[in-house]
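Student: Output the structure for:
(one chain, ligands or ions: 3)
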Amino acid sequence: MDNQSIQRLSTQQPDFESRLNALLDWESVSSAEIQQSVDSIIADVRRRGDAAVIELTRRFDRLDVQDMSALTLTADRLAQAWEGLPEEQRQALAVAADRIRAYHERQKPESWSYQEADGTMLGQKVTPLDRAGVYVPGGKAAYPSSVLMNVIPAHVAGVEDIVMVVPTPDGVLNELVLAAAHVAGVARVFTIGGAQAVAALAYGTETIPKVDKIVGPGNIFVATAKRAVFGQVGIDMIAGPSEILVVSDGGTDPDWLAMDLFSQAEHDEDAQAMLISWDARHLEAVAESIERLLPTLERAEIVRASLSRRGALVLVDDETQALSLVNRIAPEHLELSVEEPQRLVEQVRHAGAIFMGRYTAEALGDYCAGPNHVLPTSGTARFSSPLGVYDFQKRSSLIQCSPQGASTLGRTASVLARGESLTAHARSAENRIDSDKH
Ligand SMILES: NC(=O)c1ccc[n+]([C@@H]2O[C@H](COP(=O)([O-])OP(=O)(O)OC[C@H]3O[C@@H](n4cnc5c(N)ncnc54)[C@H](O)[C@@H]3O)[C@@H](O)[C@H]2O)c1
Ligand SMILES: N[C@H](CO)Cc1c[nH]c[nH+]1
Ligand SMILES: [Zn+2]
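Tutor: Ligands and ions are numbered 1, 2, ... in the order given. Next up is the predicted model:
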């Protein structure tokens, strides 16, 4: 059992709690050393702008460039990537983009207002951000799907200026990423990544425009930098390594489930993949599938590392205990691989995205089902939501008093303001009481 790739847990084990906590605790991976290095990168970019970005890109992505033009891709270059793709890939990108757009159109909030009996109008006006910065990860793997997932909701929200950054280690451009940027309607791409890209978007440089908000997932350097610049700009969330939590009733093919776990484990050595079941024999079968199928993967080493560090097959007493664990873990992706997912989903309170039934592989959501794949991780689904149109918009309150409304509200405001000893507030409100009768 010891030399197996994935840990085995049971709620009956006396040390279950501490072992589970160790698996869930990703934040502790963010060491003081990383924080220090990110702080100094941000300070450098603030101080020296483009020169720092160029130097840091040389150091971390091994790109030997002299000026920012070599780190800039124009709309023409993106169109060229689109034209050069095989038809099958163009088709797949277009289908995914259409489905993601259709889903996000439904999220679009409307401005609203209503009128009170005395003619006072109250409402809420929704406006898009002027400029959004989209971080597309590109260190260990390139993510064309993340381009679509980040850019399309911004467009649907009405953002006019979208600046995309994506690292291209060793100068290798990924044509699918560029084509996805084209199909999603991006006009400007800078081939930079890591904390230096986040800092450039947050503070602006001679070449890179300062944005209002930075969205998109990334590694620990990206996440730490986003946390550091929050306040200077908005951010969507701190997205950690990918996670999957599967609840299985024992009726799904163990090979399918093993591959579902691998699908997230292959992102990163820090990714988390867990399966919970109350069927001990089924867990054994999944363990056997894992051992047999793991060597067949292209990214077997990453998967092995991730499963041994943050992977687990968890035996619980029953369905109730499984659901209570789900709500405690608040996973990024939850697969309910059970006969009656509708019944179970009623009891799920915290999860980024819920994949219901044996046929709904999480991987479909990563690419083309329609909902966003940028999701809260590390338990933050307790208080945050998938990336969406609402992340690219803000709301302003609208208040228009009729003369009568100003009198009624003025009396109430005056009392409250005097209670706070704020006499200018009180007199400002009182000035308008019965002003139409003078
Ligand atoms: N939540 C989501 O929707 C989602 C989607 C796709 C990917 N992801 C996650 O995003 C992450 C992508 O990570 P990645 O590394 O492949 O790409 P990345 O683009 O996030 O990071 C690459 C950059 O990290 C910087 N970097 C690397 N080593 C450094 C060092 N020692 N010091 C300072 N900077 C350094 C470099 O500048 C490099 O450009 C993975 O964890 C993956 O699971 C999440
Ligand atoms: N599973 C990732 C989010 O956690 C998204 C992704 C992109 N490509 C494949 N998967
Ligand atoms: Zn994925």
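Student: Now do residue 70: how many residues are near it, please.
Tutor: 13 (other Cβ atoms under 10 Å). All C-beta atoms are positioned from the backbone trio N, CA, C, and that covers glycine.
Student: I'd like to know how far it sits from ligand 2.
Tutor: 27 Å (Cβ to the nearest ligand atom, to the nearest Å).
Student: quick one: secondary structure of the closest residue in space to that residue that isn't next to it in sequence?
Tutor: Spatial nearest neighbour of residue 70, chain neighbours left out: residue 63 (7.7 Å); criterion: Cβ to Cβ, 6 or more residues apart in numbering. With DSSP: H, G, I helix; E, B strand; the rest coil as the basis, residue 63 sits in coil.
Student: Point out the residues in the protein that sit beside ligand 1.
Tutor: Residues of the chain found near ligand 1 (Cβ under 6 Å from any ligand atom) are 37, 60-61, 137-141, 143, 146, 167, 193-195, 217-219, 221-222, 239, 241-242, 267-268, 271, 373-375.
Student: what about the strands in the stretch 251-400 of the chain?
Tutor: Secondary structure of the stretch 251-400 of the chain (DSSP state E, counting those that start in this stretch): strands located at 272-277, 311-315, 333-337, 353-356, 393-400.
Student: strand partners of the shortest one, parallel vs antiparallel please.
Tutor: Counting by DSSP bridges, the strands paired with strand 353-356 are strand 333-337 (parallel).
Student: In a strand, residue 114, correct?
Tutor: Yes - applying three-state DSSP, one finds residue 114 inside a strand.
Student: Can you spell out which residues form a bridge with the nearest residue to it once chain neighbours are set aside?
Tutor: Of all residues not flanking residue 114 in the chain, residue 122 sits nearest, at 6.2 Å (Cβ to Cβ, 6+ apart). Residue 122 forms beta bridges with residue 114, residue 399, as assigned by DSSP bridges.
Student: Test my guess that residue 122 contacts residue 401.
Tutor: No - Residue 122 is beyond contact range of residue 401, at 9.4 Å (criterion: Cβ atoms under 8 Å).
Student: By residue count, tell me the biggest helix in this protein.
Tutor: Identified as the longest helix of the chain according to DSSP state H is helix 87-105.
Student: Quick one: buried ones out of the residues of the chain next to ligand 1?
Tutor: 60-61, 137-139, 143, 146, 167, 193-195, 217-219, 221-222, 239, 241-242, 267-268, 271, 373-375 (16 or more other Cβ atoms under 10 Å).
Student: Among the residues of the chain next to ligand 1, which ones are in strands?
Tutor: Among those, DSSP state E puts none in strands.
Student: Could you measure from the residue of the stretch 301-438 of the chain found nearest ligand 1 over to residue 391?
Tutor: Nearest to ligand 1 in the stretch 301-438 of the chain, going by Cβ to the nearest ligand atom, is residue 374, at a distance of 4.1 Å. Here residue 374 is placed at a distance of 9 Å from residue 391 (Cβ to Cβ, to the nearest Å).
Student: Overlap in contacts, those two.
Tutor: By Cβ atoms under 8 Å, 6 or more residues apart in numbering, residue 374 and residue 391 have these common neighbours: 215, 236.
Student: Kindly reformat the strands of the stretch 251-400 of the chain as CSV containing mean pLDDT.
Tutor: Output for these, formatted as CSV (pLDDT from 0 to 100):
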stretch, mean pLDDT
strand 272-277, 98
strand 311-315, 98
strand 333-337, 98
strand 353-356, 98
strand 393-400, 98
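Student: out of those strands, which comes closest to residue 291?
Tutor: Ranking those by their distance to residue 291 (criterion: Cβ to Cβ) puts strand 311-315 first, at 11.7 Å.
Student: partners of that closest one in the sheet?
Tutor: Applying DSSP bridges, strand 311-315 is found paired with strand 7-10 (parallel), strand 272-277 (parallel).
Student: Can the last one be said to contact ligand 2?
Tutor: No - applying Cβ under 6 Å from any ligand atom, one finds strand 272-277 separated from ligand 2 by no less than 10.2 Å.
Student: what residues does the stretch 101-250 of the chain put near ligand 2?
Tutor: By Cβ under 6 Å from any ligand atom, the residues of the stretch 101-250 of the chain that approach ligand 2 are 143, 145, 146, 242.
Student: Can you list phi and psi of the last one for me?
Tutor: Meaning residue 242. phi -60, psi 150 (degrees, to the nearest 10).
Student: Report the contact partners of residue 349.
Tutor: Counting by Cβ under 8 Å, 6+ apart, residue 349 makes contact with residue 327.
Student: What distance do you get for the closest residue to residue 20 other than its chain neighbours to residue 292?
Tutor: Leaving aside its sequence neighbours, residue 20 sits nearest to residue 9 (Cβ to Cβ, 6+ apart; 6.6 Å). In this view, residue 9 and residue 292 are 21 Å apart by Cβ to Cβ.
Student: higher neighbour count, the two?
Tutor: A count of neighbours by other Cβ under 10 Å puts residue 9 above the other of residue 9 and residue 292, at 20 against 12.
Student: Is that one bridged to anything, and to what?
Tutor: Beta-bridge pairing for residue 9 (DSSP bridges): residue 314.
Student: ok, it - contacts?
Tutor: Neighbour list for residue 9: 16, 19, 20, 312, 313, 314, 315 [criterion: Cβ under 8 Å, 6+ apart].
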